[in-house]
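[1] structure of the sequence below:
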Amino acid sequence: MAIRWQDYIEERKGVMMGKPVFKGTRLTVDHILSELGSGMTAPELLENYPTRRPEHVQAALPYAAAVVAMDETIYA
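    Next up is the predicted model:
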């Protein structure tokens, strides 16, 4: 079954300046994506953040894809 990122990621105005975080935490999705992009593996991430589950890391990727797929122009 596919991971629904909406089950694991939220934006709360008063938390981390409204950046997307993993539900119930202050851990930002962009931090996890940045770590993955710099070569850290999912098992290493889970070791560094023991309160996270594999589903959290897995949810970050479809979330990023959904953001990139938005029909908004970033650069004019």
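
[2] ok, which stretches of the chain are helices?
    In the chain, the helices defined using DSSP state H lie at 29-37, 42-48, 54-68.

[3] okay, those in a markdown table with mean neighbour count, distance to residue 10 and mean pLDDT next?
    (Each C-beta comes from the backbone N, C-alpha and C, glycine too.) As requested, the helices of the chain are arranged in a markdown table below (neighbours: other C-beta atoms under 10 Å; distance: least, C-beta to C-beta, whole Å; pLDDT from 0 to 100):
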| stretch | mean neighbour count | distance to residue 10 | mean pLDDT |
| --- | --- | --- | --- |
| helix 29-37 | 17 | 10 | 95 |
| helix 42-48 | 13 | 19 | 94 |
| helix 54-68 | 16 | 11 | 92 |
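
[4] from residue 5, how far off is the spatially most central residue of the chain?
    Taking C-alpha atoms, centre = their mean, the centroid of the chain lies closest to residue 29, which sits 2.8 Å from it. Distance of residue 29 to residue 5, given as C-beta to C-beta, to the nearest Å: 9 Å.

[5] overlap in contacts of the two?
    Residues touching both residue 29 and residue 5 (C-beta atoms under 8 Å, 6 or more residues apart in numbering): 60, 63.

[6] number of residues surrounding residue 49?
    Burial measure for residue 49: 17 neighbouring residues, criterion other C-beta atoms under 10 Å.

[7] I'd guessed it sits against residue 27; true?
    Yes. Using C-beta atoms under 8 Å, residue 49 is in contact with residue 27, at 6.5 Å.

[8] ok, residue 57 touching residue 42?
    Yes. Residue 57 is in contact with residue 42 according to C-beta under 8 Å; the separation is 4.8 Å.

[9] what do the two both touch?
    residue 36.
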